[in-house]
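Colleague: whatever this is, show me its structure:
(2 chains)
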Number of protein chains: 2
Amino acid sequence: MLVETDAHEVARIARAEAMKGRSVGFVPTMGALHEGHLSLVRRCRAENDFTVVSIFVNPTQFGPTEDLESYPRTLDADCAALEAIGCDLVFAPRTEDMYDSDHSTWVVVEGLTEVLCGRFRPGHFRGVTTVVAKLFNIVRPDRAYFGQKDYQQLKVIERMVRDLNFGIEIVACPTVREADGLAMSSRNKYLSAEERAIAPALYAALAKAAEAVRGGASGRQAEEIVRRELAAVPGFELQYVEAVHPETLERVEEAGPPMVIAAAAFLGRARLIDNVIIES
Amino acid sequence: MLVETDAHEVARIARAEAMKGRSVGFVPTMGALHEGHLSLVRRCRAENDFTVVSIFVNPTQFGPTEDLESYPRTLDADCAALEAIGCDLVFAPRTEDMYDSDHSTWVVVEGLTEVLCGRFRPGHFRGVTTVVAKLFNIVRPDRAYFGQKDYQQLKVIERMVRDLNFGIEIVACPTVREADGLAMSSRNKYLSAEERAIAPALYAALAKAAEAVRGGASGRQAEEIVRRELAAVPGFELQYVEAVHPETLERVEEAGPPMVIAAAAFLGRARLIDNVIIES
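Modeller: I've put the predicted structure just below:
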């Protein structure tokens, strides 16, 4: 497995693979890899001839009061895990190599980024789409893999790829959960033992709301279930819960599926997000 | 010469050329081709194995009061001229194939787009960078050719390519002029015979200012020369003249080169732009 910090070298290697007629798959990450990331990489491996994983804690997607400094960085362990499952190339650039001091170009997706997490993290998705556009241009993959845990991010990336004609297949992969239901996240490391014990309440609330929607409940009723369930768990501070259309991310007025119920909640210093996708 | 309206087909053809190890050159245009465009295509031909020219009057770079409807469209003549000089592939998409009805992704370059023409054409450069990003992703050229007549556009595209890691060489080509000095432009067709007769005054004023700068004049003095010269020509309405640094496009305080003096002026219903590049 190659580990490269230089974008030109990564571009050169990936182009050479493509020139040999080999398909290139790509998994962009911020490192601190867990089983969720690894499930993306395994699927990428299975579906492509050459697998590239990027590890880059992208500063432009963090707000000024967010956890850029404390975000977990575990590059050696990440590389060991990636090598063990057969990743071909890790791209781990330095911040100064990704952003010139006079960087001034941004990729912006309107609409989809202004709801859900976008309401509380201004500039977050602009940072995500910009860095993913950069990474896509460097790697030029045939397919790129994203987890459904970050559902809004997935939809924003899909829109960007369509609107800017990237010609890359975006593969959505199911959220990977701990045995007790907690969605895997690098930020789970922020949880104390006590917080970790109650953290599964977020998914439990969403699952209960999803069950109600399958039984014909409305989006408003589903949101109310999540609010009520989490209010009963001391320590959880719900930031938002919204029942939205799976594609437009607009609040749904009609009862029943299709629907995505997405929520963000603080638990100690961790901001947890999760969602349930209820297909029609 | 192939003429294609379908982006997927253009992408397929261009990728196939690249897979054969052939270099792909690209000239994006809005059609109504003149000798300035053709000089770009000839250079592209000379420097690449496969030449793609796009012809697309991009609606998102026109303001609501601008000339989108009346912009000259001469597709048949354009294709004949391109075939005659050996263009390989023309991409002439329809507007509805380039922009979905819920298109919502924009590429924005800050700073460089807020001066010169950007002050008077809000949203113009956002439209330019977005459509060029789309075209770059469709064609994936090794090199792309832009005229220096649209100097600010050239610098904005160069910045976008650097910031988003497009990995495309941007080739800047000199402005092509009529015998009397008027910069070639598709919008020159808007000029009446009387207006056409006095139109070279814009370049004459810029050339006089450039001469002064080479002799040690300041940017402010150069701007004053252009203002004075054009004020003496009835019918010209100067929109702006600015002496700026060739890379940052910021007003220069120091006298002498390097400097770009750029101006826009209305003459009848035509908005003419031109510039002189004074190298150090």
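Colleague: C-terminal to the biggest helix by length in chain A, what's the next element?
Modeller: Criterion DSSP state H: the longest helix present in chain A is helix A:124-139. Later in the chain than helix A:124-139, the nearest helix or strand by DSSP states H and E is strand A:143-147.
Colleague: so that following strand, near chain B or not?
Modeller: No - using Cβ under 8 Å from any Cβ of the partner chain, strand A:143-147 never reaches chain B; the gap is at least 13.7 Å. The way it works is simple: take the backbone N, C-alpha and C, and place the C-beta from them, glycine included.
Colleague: tell me how many other residues surround A:Ala179.
Modeller: 6 (other Cβ atoms under 10 Å in any protein chain shown).
Colleague: and chain A, what are its domains?
Modeller: A:2-173, A:186-274 (automatic domain parsing).
Colleague: confirm A:Asp180 sits in a strand?
Modeller: No - going by DSSP: H, G, I helix; E, B strand; the rest coil, the assignment for A:Asp180 is coil, not a strand.
Colleague: wait, what's in contact with it?
Modeller: A:Pro200 (Cβ atoms under 8 Å, 6 or more residues apart in numbering or on different chains).
Colleague: let's see it at 10 Å
Modeller: Taking Cβ atoms under 10 Å, 6 or more residues apart in numbering or on different chains as the criterion, A:Asp180 is in contact with A:Arg196, A:Ala197, A:Ala199, A:Pro200, A:Ala201, A:Tyr203, A:Ala204.
Colleague: how about A:Ala144?
Modeller: Contacts of A:Ala144 (Cβ under 10 Å, 6+ apart): A:24-28, A:40, A:44, A:52, A:132, A:135-136, A:157, A:161, A:166, A:168-171.
Colleague: 6 Å - rerun?
Modeller: A:Phe26, A:Ile168, A:Ile170 (Cβ atoms under 6 Å, 6 or more residues apart in numbering or on different chains).
Colleague: distance of the residue of chain A most remote from its centre relative to chain B?
Modeller: Distance from the C-alpha centroid of chain A, by Cα atoms, centre = their mean, peaks at A:Lys20 (30.9 Å). Separation of A:Lys20 from chain B (Cβ to the nearest Cβ, to the nearest Å): 10 Å.
Colleague: residues contacting that residue?
Modeller: No contacts exist for A:Lys20 under Cβ under 6 Å, 6+ apart.
Colleague: isn't A:Ala32 right up against A:Arg187?
Modeller: No - shown here, A:Ala32 and A:Arg187 do not form a contact pair, counting by Cβ atoms under 6 Å, at 8.5 Å.
Colleague: tell me which of the two has more neighbours.
Modeller: Ranked by neighbour count (other Cβ under 10 Å), A:Ala32 and A:Arg187 place A:Ala32 first, with 20 against 17.
Colleague: need the pLDDT of the more buried one.
Modeller: Each residue has a pLDDT score; the one for A:Ala32 is 97.
Colleague: now the strands for chain A?
Modeller: A:2-4, A:24-29, A:50-55, A:89-91, A:105-109, A:143-147, A:169-173, A:236-244, A:259-267, A:270-278 (DSSP state E).
Colleague: who are the neighbours in contact with A:Lys189?
Modeller: Counted by Cβ under 6 Å, 6+ apart, A:Lys189 has contacts A:Pro72.
Colleague: for it, give its distance to A:Arg196.
Modeller: Here the criterion is Cβ to Cβ, to the nearest Å. By it, A:Lys189 lies 10 Å from A:Arg196.
Colleague: A:Glu279 now?
Modeller: 30 Å.
Colleague: higher neighbour count, the two?
Modeller: A:Arg196 (18 against 9).
Colleague: centroid-nearest residue for chain A?
Modeller: Central residue of chain A (Cα atoms, centre = their mean): A:Asp150, at 3.7 Å.
Colleague: chain neighbours aside, what residue packs nearest to that one?
Modeller: A:Ile273 (7.2 Å; Cβ to Cβ, 6 or more residues apart in numbering or on different chains).
Colleague: kindly indicate which of the contacts of A:Ala144 lies nearest chain B.
Modeller: Nearest to chain B among the contacts of A:Ala144: A:Ile168, at 9.0 Å, using Cβ to the nearest Cβ.
Colleague: give me the pLDDT for whichever residue of the stretch 151-280 of chain A sits closest to chain B.
Modeller: Residue of the stretch 151-280 of chain A nearest chain B, by Cβ to the nearest Cβ: A:Asp163 (3.5 Å). Predicted confidence (pLDDT) for A:Asp163: 98.
Colleague: burial of it, as a residue count?
Modeller: Residues near A:Asp163, counting by other Cβ under 10 Å: 23.
Colleague: which ones are touching it?
Modeller: A:Asp163 neighbours (Cβ under 6 Å, 6+ apart): B:His103, B:Thr105.
Colleague: what about 7 Å?
Modeller: Contact partners of A:Asp163, counting by Cβ atoms under 7 Å, 6 or more residues apart in numbering or on different chains, are B:His103, B:Ser104, B:Thr105.
Colleague: swap in A:Glu69?
Modeller: Going by Cβ under 7 Å, 6+ apart, the list of residues near A:Glu69 is empty.
Colleague: phi, psi for it please.
Modeller: Dihedral pair for A:Glu69: phi -70, psi -40, per degrees, to the nearest 10.
Colleague: cool, and the one 3 residues further on?
Modeller: The phi/psi pair for A:Pro72 (degrees, to the nearest 10) reads phi -60, psi 140.
Colleague: and the average pLDDT for stretch A:107-120 is what?
Modeller: Stretch A:107-120 comes out at a mean pLDDT of 97.
Colleague: and that stretch, which residues are buried?
Modeller: A:Val107, A:Val108, A:Val109, A:Leu112, A:Thr113, A:Val115, A:Leu116, A:Cys117, A:Gly118 (16 or more other Cβ atoms under 10 Å in any protein chain shown).
Colleague: now stretch A:253-262
Modeller: A:Ala255, A:Gly256, A:Pro257, A:Met259, A:Val260, A:Ile261, A:Ala262.
Colleague: want to throw those residues into TSV with distance to chain B?
Modeller: TSV is the format used below for those (distance: Cβ to the nearest Cβ, whole Å):
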residue	distance to chain B
A:Ala255	25
A:Gly256	24
A:Pro257	22
A:Met259	20
A:Val260	18
A:Ile261	23
A:Ala262	19
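Colleague: pipe these into CSV and attach distance to B:Leu82 and pLDDT per row.
Modeller: Converted to CSV, the buried residues of stretch A:253-262 look like this (distance: Cβ to Cβ, whole Å; pLDDT from 0 to 100):
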residue, distance to B:Leu82, pLDDT
A:Ala255, 57, 95
A:Gly256, 55, 95
A:Pro257, 52, 96
A:Met259, 51, 98
A:Val260, 48, 98
A:Ile261, 54, 98
A:Ala262, 50, 98
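Colleague: and which of those is nearest to A:Glu211?
Modeller: A:Ile261 (10.8 Å; Cβ to Cβ).
Colleague: dump the residue contacts of the closest one.
Modeller: Listed by Cβ under 7 Å, 6+ apart, the contact set of A:Ile261 reads A:Leu206, A:Ala209, A:Ala210, A:Ala222, A:Val226, A:Val241, A:Ala243, A:Asn275, A:Val276.
Colleague: quick check: the second one touching A:Arg228?
Modeller: No - in terms of Cβ atoms under 7 Å, A:Ala209 does not count as a neighbour of A:Arg228; the distance is 9.7 Å.
Colleague: looking at those two, which one has more neighbours?
Modeller: Neighbours were counted for A:Ala209 and for A:Arg228 using other Cβ under 10 Å; A:Ala209 has more, 28 against 12.
Colleague: show the pLDDT at that one.
Modeller: For A:Ala209, the predicted pLDDT is 98.
Colleague: contacts only, for it.
Modeller: Here A:Ala209 is in contact with A:Ala222, A:Ile225, A:Val226, A:Ile261 (Cβ under 7 Å, 6+ apart).
Colleague: surely the third one and A:Ala204 touch.
Modeller: No - distance between A:Val226 and A:Ala204: 9.8 Å, which falls outside the contact criterion (Cβ under 7 Å).
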